[in-house]
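J.: A predicted structure for the sequence below; I have some questions about it.
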Amino acid sequence: MTVPTRSDTFTKIVAIVAQHLSCDAAVIIPETRLEDLGADEFDVLELVMKWEDECGVIISDDDSAQFDSLQDVIDCIAAKQ
C-alpha cells in the first residue's frame with residue numbers, strides 16, 4: 001500500500017473543505033485558517049470526521065484542538081498515515 005504524499009493529502013483536505021464550506025478551492029492554501037473560511041466549531045467537528053473517513057486515520061480531540069491552519073491538519077494526518 002502506497003502512503004499518500006502531503007500534496008495528495010492537501011488536495012483531499014481542500015476538496016472536503018471547499019465542498020463543506022461552499023468556498024472556492026483556489027483560495028485555499030496550507031496557511032488558510034478554517035475560521036477565515038467561516039467555519040465554526042460544529043463545522044470543524046464535521047470536517048474532522050470527513051477527513052478521518054477520507055484519509056483513513058483517527059484524529060483525537062486533543063489533535064483537532066491544536067488545528068490553527070490547514071497545514072496543522074496536513075501534518076497531523078501525514079503523521080498518522
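T.: That came through fine. Numbers count the residues shown, from 1 in each chain.

J.: buried residues in stretch 28-44?
T.: 28, 32, 34, 37, 39, 43-44 (16 or more other CB atoms under 10 Å). To be clear about C-beta, it is placed using only N, CA and C from the backbone, and glycine gets the same treatment.

J.: any chance of these in a markdown table, plus secondary structure, distance to P4 and pLDDT?
T.: Shown next, in a markdown table, are those (DSSP: H, G, I helix; E, B strand; the rest coil; distance: CB to CB, whole Å; pLDDT from 0 to 100):
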| residue | secondary structure | distance to P4 | pLDDT |
| --- | --- | --- | --- |
| I28 | coil | 18 | 96 |
| T32 | coil | 20 | 96 |
| L34 | helix | 21 | 92 |
| L37 | helix | 23 | 93 |
| A39 | coil | 23 | 93 |
| D43 | helix | 24 | 95 |
| V44 | helix | 22 | 93 |
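
J.: what's downstream of the helix or strand containing E52, the next helix or strand?
T.: Using DSSP states H and E, E52 maps to helix 41-55. The helix or strand immediately downstream of helix 41-55 is helix 61-65, counting by DSSP H and E.

J.: From the buried residues of stretch 28-44, pick the one nearest D72.
T.: D72 has its nearest neighbour among the buried residues of stretch 28-44 in L34, at 9.8 Å by CB to CB.

J.: In this structure that closest one contacts F67, no?
T.: Yes. Using CB atoms under 8 Å, L34 is in contact with F67, at 7.1 Å.

J.: Quickly list what's touching both of these two.
T.: Both L34 and F67 are contacted by V44, under the criterion CB atoms under 8 Å, 6 or more residues apart in numbering.

J.: What's the separation between K80 and D53?
T.: 13 Å (CB to CB, to the nearest Å).

J.: now swap in D63 and tell me
T.: Separation of D63 from D53 (CB to CB) stands at 16 Å.

J.: Tell me which of those two has more neighbours.
T.: The neighbour count for D63 versus D53, taken as other CB atoms under 10 Å, is higher for D63 (18 against 10).

J.: Just say helix, strand or coil for the closest residue to the more buried one other than its chain neighbours.
T.: Closest residue in space to D63, ignoring its immediate chain neighbours: C76 at 5.2 Å, by CB to CB, 6 or more residues apart in numbering. Under DSSP: H, G, I helix; E, B strand; the rest coil, C76 falls in the helix class.

J.: Nice, that's everything, thank you.
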